[in-house]
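> Predicted model and sequence below, questions to follow.
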Amino acid sequence: MTYTVGQMAKMLGLAGSTLRYYDKEGLLPFVERSSGGIRMFREKDYEWLQIIECLKKAGMSIKDIKKYIVLLQQGDSTIQERLELFQHQRIAFQKYAKILRKRFSEGFLYIYISFYLFICG
């Protein structure tokens with residue numbers, strides 16, 4: 001079964017423009033096109049797009065996601081490079097999470113949450 005940009009976007013909870021942007025940035029080299037140039041998504045594309053969204057939520061840049069895709073396409077000779085890419089991302093994510101924890105614990109949200117928890121008993 002094939003899906004249009006709109007159908008796939010709806011399945012993922014994204015805007016169609018997001019999928020077109022991903023394609024423009026080279027994140028969707030696996031997506032087939034019809035003879036008229038229309039993107040035709042398949043189930044395997046849905047799974048891959050979920051991975052892309054997960055990487056984005058982990059803070060990975062479009063540039064690094066594209067690098068990962070290129071490395072994947074190059075085969076097993078790039079396994080070490082892919083590992084290093086993810087290790088670098090993990091370190092960056094941990095630093096970001098530490099900053100967020102500090103800001104949250106020192107921020108006004110903490111005060112308001114504490115206040116309402118006290119009121120609610």
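Happy to help now that I have it. Just so it is clear, the structure is predicted and the values come from calculations on it, not from any experiment.
> Return the distance of stretch 55-74 from the chain's centre.
Centroid displacement of stretch 55-74 relative to its chain, using C-alpha atoms, centre = their mean, to the nearest Å, is 9 Å.
> buried ones in it?
Leu55, Met60, Asp64, Ile65, Lys66, Lys67, Tyr68, Ile69, Leu71 (16 or more other C-beta atoms under 10 Å). Where you see a C-beta, it was placed from the backbone N, CA and C, and this is true even at glycine.
> contacts for it?
Residues outside stretch 55-74 that contact it (C-beta atoms under 8 Å, 6 or more residues apart in numbering): 22, 25-27, 29, 52, 78, 81-82, 85, 89, 92-93, 96.
> so for that stretch, what's the average pLDDT?
Average pLDDT, stretch 55-74: 94.
> Would you confirm that Phe30 contacts Asp45?
Yes. Judged on C-beta atoms under 8 Å, Phe30 makes contact with Asp45 at a distance of 6.5 Å.
> In terms of packing, which of those two has more residues around it?
Asp45 (19 against 13; other C-beta atoms under 10 Å).
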